[in-house]
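Asker: attaching a predicted model along with its sequence, questions to come.
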Amino acid sequence: MYLNKLQPALGSKKPGKRLGRGIGSGRGKTSGKGHKGQKARAGGFHKVGFEGGQMPIQRRMPKSGFRSQKALYTKALRLSSLNNVKADVIDFNVLISEGLLNANIKFTKIILSGEIKKAVKLKGILVTAGARKAIESAGGTVEE
């Protein structure tokens, strides 16, 4: 094998269009641009979405929708889901290892939904006022 003998695989390279090379080439005279008009001229282009001065569709349609980035990384946990956790001290890493939270979740808050049947110690997790009352009435504590 020699460097001067290297060639691309057959069919992998298409020859470029030879424009404006006479009537017999099939692409002579107007060179595939048709007759007249903005697109036939040199430098004849317009920005994407331009509709000839008419108000473009992306400006005619109403603006809608917003999704807070914080909402993507936040999850509310039910109070009753803490019954299945085996650890005595529950923190963020315990909830991830137990499978109650995904690894991409950054914030969580315990809400009053269901009832807690055992005393738990929460550390570094936000709780609602009702959930705090339920945890403390079951003999647990909340540290923030």
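Answerer: That came through fine. Residues are numbered from 1 along each chain as shown.
Asker: can you tell me the SS state at the residue lying closest to residue 80 once chain neighbours are set aside?
Answerer: Nearest non-adjacent residue to residue 80, counting by CB to CB, 6 or more residues apart in numbering: residue 114, 2.6 Å away. From N, CA and C alone the C-beta is placed, and that goes for glycine too. Following DSSP: H, G, I helix; E, B strand; the rest coil, residue 114 is assigned to coil.
Asker: all numbers from here: first residue = 861
Answerer: Sure, I'll start counting at 861 from here, so that last one is residue 974.
Asker: report the buried residues of the longest helix seen in the chain.
Answerer: Longest helix in the chain, counting residues (DSSP state H): helix 989-997. Residues 991-992, 994-995 are the ones in helix 989-997 that count as buried (16 or more other CB atoms under 10 Å).
Asker: likewise for stretch 946-954?
Answerer: 950, 954.
Asker: now the end-to-end length of it.
Answerer: 9 Å (CA to CA, to the nearest Å).
Asker: next: stretch 882-891.
Answerer: For stretch 882-891, the end-to-end distance is 9 Å (CA to CA).
Asker: list the contacts of that stretch.
Answerer: For stretch 882-891, contacts defined as CB atoms under 8 Å, 6 or more residues apart in numbering pick out 877-881, 900.
Asker: CA atoms of the least confident helix or strand in the chain by mean pLDDT as PDB?
Answerer: Ranking every helix and strand in the chain by mean pLDDT, DSSP states H and E puts helix 929-932 at the bottom, with a mean of 84. In PDB, the C-alpha atoms belonging to helix 929-932 read as follows (Å, rounded to 0.1, in the frame of the first residue of the first chain):
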ATOM      1  CA  GLN A 929     -35.700  24.400  36.300                       C
ATOM      2  CA  LYS A 930     -36.100  24.000  40.100                       C
ATOM      3  CA  ALA A 931     -39.200  21.900  39.500                       C
ATOM      4  CA  LEU A 932     -37.100  19.400  37.500                       C
END
